[in-house]
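Peer 1: my questions concern the predicted model and sequence given below.
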Amino acid sequence: MKVKVIMLFTFIVFILSGCTSEGSQRGFTFEGESKKWLVTLNGELAQETNGIYEEANAIFTYIGENDIRSSVIKMDNNGDRAMVSKNTGELSNNDTVEMSFGNYRFWNLNEMGYDIFVIFEWREGEQNTKRKEEITLKLVE
C-alpha cells in the first residue's frame, strides 16, 4: 500500500512540475501614431531558469509627404532604463526603420506604470526644415 501511495504521489508531483511557469512565454505589442510616424513594438517575455528575458522589435514607419534627409529615432521611458537611439539616412513615405532590443524591460516598465515613448527628430523637404515629434506607446490588449 505504501508503494502505491508513493508512486501516486510521485506521479502527481511529476505532472504538477510540468505546470510551472518555467519556460513560459508571453507576447506583447505596443503601438503609437503621430501625424508623420507609426510605431509598432512587438516583444516576447520568457520565464527562464536564470530569470526573465525579454526580446523586442520596433518598426517605425514614416508616413509624411516630404522626403526626409536624415533622422534620429530615440526610444525612452520615464523609468530607470537608458535612452536608445538610432540615426537613419534618407526616408520617403512608407519607408520603415527597425530596431531590436534585448532585455530592455518594456513589459516590466509598463507594469510599473512608466510610459514608453519615442522621440523623432528629422530634417525634411527642400528647405531642410527641422521637425520633432514624440509618441507615447500604448499597450494593445
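Peer 2: In hand now; what should we look at?
Peer 1: the chain: helices as residue ranges?
Peer 2: Under the criterion DSSP state H, the chain carries helices at the ranges 2-17, 106-111.
Peer 1: where does the protein dip in pLDDT?
Peer 2: 1-23 (pLDDT under 70).
Peer 1: as a check, name the ranges of all strands in the chain.
Peer 2: 25-33, 37-48, 51-62, 68-77, 84-88, 96-102, 116-124, 129-139 (DSSP state E).
Peer 1: who touches the first one?
Peer 2: For strand 25-33, the surrounding residues in contact (C-beta atoms under 8 Å, 6 or more residues apart in numbering) are 38-47, 106-107, 110, 116-118, 135-140. Backbone N, C-alpha and C define where each C-beta goes, glycine included.
Peer 1: at 7 Å instead, please
Peer 2: 39-46, 106-107, 116, 118, 135-140 (C-beta atoms under 7 Å, 6 or more residues apart in numbering).
Peer 1: give the contact list for S71.
Peer 2: Applying C-beta under 7 Å, 6+ apart, the residues contacting S71 are T88, L91, F120, E121, W122.
Peer 1: biggest separation within these, which pair?
Peer 2: The distance between the two most remote of those (C-beta to C-beta) is 12.8 Å, for L91 and E121.
Peer 1: quick one, which of the two is more surrounded?
Peer 2: Neighbour tally, L91 and E121, criterion other C-beta atoms under 10 Å: the higher count belongs to L91, 20 against 16.
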